[in-house]
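*Asks:* Let me see the structure of the following:
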Amino acid sequence: MKANGDKKQSGQILLFVIFIIIFLMLFVTLFLTKTLARQSKSSNNIVNSVQSFYVADSGSEYALYRFTNVCSSTNPPSEGGEGGCIGRFSLLDGYGGECTILYDDATRKMSITGDYKDQTSRAIELTWSGA
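*Replies:* Got it, this is the predicted structure:
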């Protein structure tokens, strides 16, 4: 009779060990999933930040072009966006890039802010020394 009791106990211990192993595997899987999701979000934020910088950089090139070729003494850049020299422009149409160009006539500085997918913004500041 005693031999039968030992078999039942060893089956219970084996079942307990299997449950512990399954629990540990589940815990490790959840931990890895959470870590990978966090890393993925961080990588996505870095990509959006770089894209925002490129939008701002493109906006600075666009602003310099507009100030050189469009703005003049009859259409100065400080007149609230007259003639399309300053304001908000859509760059990378269809990809979510927008650029805001502001100009301060007193300091002769342009502030160009690039927004990407309404999630990230990066800014570039230029000093304008043109006519």
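
*Asks:* what about residue 111, distance to residue 64?
*Replies:* For residue 111, the distance to residue 64 equals 13 Å [Cβ to Cβ, to the nearest Å]. The C-beta positions use only the backbone N, C-alpha and C, and glycine is treated the same way.

*Asks:* Same drill for the two, tell me which one is more crowded.
*Replies:* residue 111 (18 against 15; other Cβ atoms under 10 Å).

*Asks:* Can you tell me the SS state at that one?
*Replies:* Here residue 111 takes the strand state, with states given by DSSP: H, G, I helix; E, B strand; the rest coil.

*Asks:* nearest residue to it other than its sequence neighbours?
*Replies:* residue 102 (4.5 Å; Cβ to Cβ, 6 or more residues apart in numbering).

*Asks:* Could you pull up the residues touching the most centrally placed residue in the chain?
*Replies:* Nearest to the geometric centre of the chain sits residue 48, at 2.8 Å (Cα atoms, centre = their mean). Residue 48 makes contact with 116-117, 119-120, according to Cβ atoms under 8 Å, 6 or more residues apart in numbering.

*Asks:* Let me know the helix or strand that it is in.
*Replies:* Per DSSP states H and E: residue 48 is located in helix 2-69.

*Asks:* Return the distance of that helix from the chain's centre.
*Replies:* 18 Å (Cα atoms, centre = their mean, to the nearest Å).

*Asks:* rewinding a little: check contacts around the spatially closest residue to the residue nearest to the centre of the chain that is not a sequence neighbour.
*Replies:* Excluding the flanking residues, the one nearest residue 48 by Cβ to Cβ, 6+ apart is residue 120, at 4.1 Å. By Cβ under 8 Å, 6+ apart, residue 120 lies in contact with 45, 48-49, 51-52.

*Asks:* Using neighbour counts, trim those to the buried set.
*Replies:* By neighbour count, with 16 or more other Cβ atoms under 10 Å, these hold 48, 51-52 as buried.
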